[in-house]
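Trainee: Okay, here's the prediction I keep looking at, along with the sequence it came from:
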Amino acid sequence: MATIHVRTNDADKNRAQEILANLGLDLSTVINMLIKQINYHEKIPFDIEIPKGTQENGKSSITELKNKFESDEFWMSPDFNAPLECMEDYM
């Protein structure tokens with residue numbers, strides 16, 4: 001079994017833990033579900049988009065994307081909240 005260490009904002013982690021607890025899940029389970037979905041679909045299982053007006057000449061800088069993600073200006077598709085396929089694989 002592998003161990004993954006992730007750096008994240010304390011407030012974001014705490015909020016995610018609260019939401020997941022209400023769903024009867026924990027971070028470890030959801031991260032494992034995400035990894036399974038990446039492997040199953042061979043891609044990130046949700047859209048990652050940069051808000052309009054932040055792109056230069058149709059391309060965005062990785063640094064700008066990273067800064068927006070860390071500053072809570074990052075937008076994720078509402079599809080991320082859709083039920084995961086093959087849920088029984090994770091139970």
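Mentor: Received it, and whenever you're ready, just let me know what you need.
Trainee: Quick check: next helix or strand after the biggest helix by length in the chain?
Mentor: Ranked by residue count, the top helix of the chain under DSSP state H comes out as helix 27-41. On the C-terminal side of helix 27-41, the closest following helix or strand by DSSP states H and E is strand 48-49.
Trainee: Tell me the neighbouring strands of that following strand, and mark each as parallel or antiparallel.
Mentor: For strand 48-49, sheet partners with direction are given as strand 75-76 (antiparallel), following DSSP bridges.
Trainee: which intervals of the protein have sub-threshold pLDDT?
Mentor: Within the chain, the ranges that satisfy pLDDT under 70 run 50-63, 65-66, 69, 72-91.
Trainee: Show me the helices in it, by range?
Mentor: Taking DSSP H as the test, the helices found in the chain are 10-22, 27-41, 62-70.
Trainee: Now those in CSV, please, with extra columns for mean neighbour count.
Mentor: Where C-beta positions appear, they are placed from N, C-alpha and C, glycine not excepted. Output for these, formatted as CSV (neighbours: other Cβ atoms under 10 Å):
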stretch, mean neighbour count
helix 10-22, 11
helix 27-41, 14
helix 62-70, 12
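Trainee: Looking at those, spot the one closest to Ile4.
Mentor: Taking Cβ to Cβ as the measure, those were each checked against Ile4, and helix 27-41 came out nearest at 7.0 Å.
Trainee: How is the protein partitioned into domains?
Mentor: Here the domain parsing of the chain from automatic domain parsing is 9-45, 47-79.
Trainee: Tell me the spacing between His5 and Asp47.
Mentor: His5 sits 26 Å away from Asp47 when distances are taken as Cβ to Cβ, to the nearest Å.
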